[in-house]
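Enquirer: Quick one: sequence and predicted model below, then my questions.
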Amino acid sequence: MDKIDRRSELREAAFLILFRADFYPPEELASQVKDFFEGEEEFTEKERQQIADKVVAVAQMIPEIDRALDEISVGWKTRRMTKVDLTILRLAYYEIKYDDKVPVSSAINEAVELAKNYGTENSGSFVNGILAKVAKDESK
């Protein structure tokens, strides 16, 4: 498996944990991460730590990220978005704005793929449209 596919798998795991954690109180995040990896042997210990670190970083910034997404997404406030789309947008927003190791184009492309796989038939274009605005703001 090549490095790009592996990064996609790590990102997908972070998405799944963040999605799941959104249904629980914030103080249960650590247990949600632990539960996700229970009995799972696909990821190395180093990869588990990378995933957990990203999940915690995104989760800590959710209020700030949601405020920014509310400003960017005309007519679609975060409270009206599907949980899948919102979780994908939060993760990608974090990667675009705060994770220097992730190229903007990769964050957007991966988010669109996650949206196509987990969201509705319109999720891919919706996520792409919002993130295009985030990227445009980032390049200013």
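Expert: Looks like it came in fine.
Enquirer: tell me the centre residue of this protein?
Expert: Leu91 (2.2 Å; CA atoms, centre = their mean).
Enquirer: give the contact list for Arg6.
Expert: Glu47 (CB atoms under 8 Å, 6 or more residues apart in numbering). Yep, even glycine has a C-beta here, placed from its N, CA and C like the rest.
Enquirer: And it, how far from Leu86?
Expert: As judged by CB to CB, to the nearest Å, Arg6 and Leu86 stand 26 Å apart.
Enquirer: in the protein, which ranges drop under the pLDDT threshold?
Expert: 1-4, 138-140 (pLDDT under 70).
Enquirer: Surely the residue nearest to the centre of the chain touches Phe19?
Expert: No. Contact between Leu91 and Phe19 fails when scored by CB atoms under 8 Å: they sit 9.3 Å apart.
Enquirer: Could you give the number of residues near Leu16?
Expert: Here the number of neighbours of Leu16 (other CB atoms under 10 Å) works out to 16.
Enquirer: so is it in a helix, a strand, or just coil?
Expert: Assigned with DSSP: H, G, I helix; E, B strand; the rest coil, Leu16 falls in the helix class.
Enquirer: just Phe43 next, same as before
Expert: Assignment for Phe43 (three-state DSSP): coil.
Enquirer: Run a quick check on it versus Phe37, I expect a contact.
Expert: Yes. Counting by CB under 8 Å, Phe43 does reach Phe37; the two are 7.2 Å apart.
Enquirer: still on that earlier bit, which ones are touching the residue nearest to the centre of the chain?
Expert: Arg11, Ala14, Phe15, Leu18, Lys54, Val58, Ala111.
Enquirer: Look up how far Glu27 lies from it.
Expert: 21 Å.
Enquirer: Helices along this structure, start to end?
Expert: 3-21, 29-37, 45-60, 62-72, 83-98, 104-118, 123-138 (DSSP state H).
Enquirer: packing partners for the second one?
Expert: In terms of contacts (3 or more CB pairs under 8 Å, 6 or more residues apart in numbering; DSSP states H and E), helix 29-37 is packed against helix 3-21, helix 45-60.
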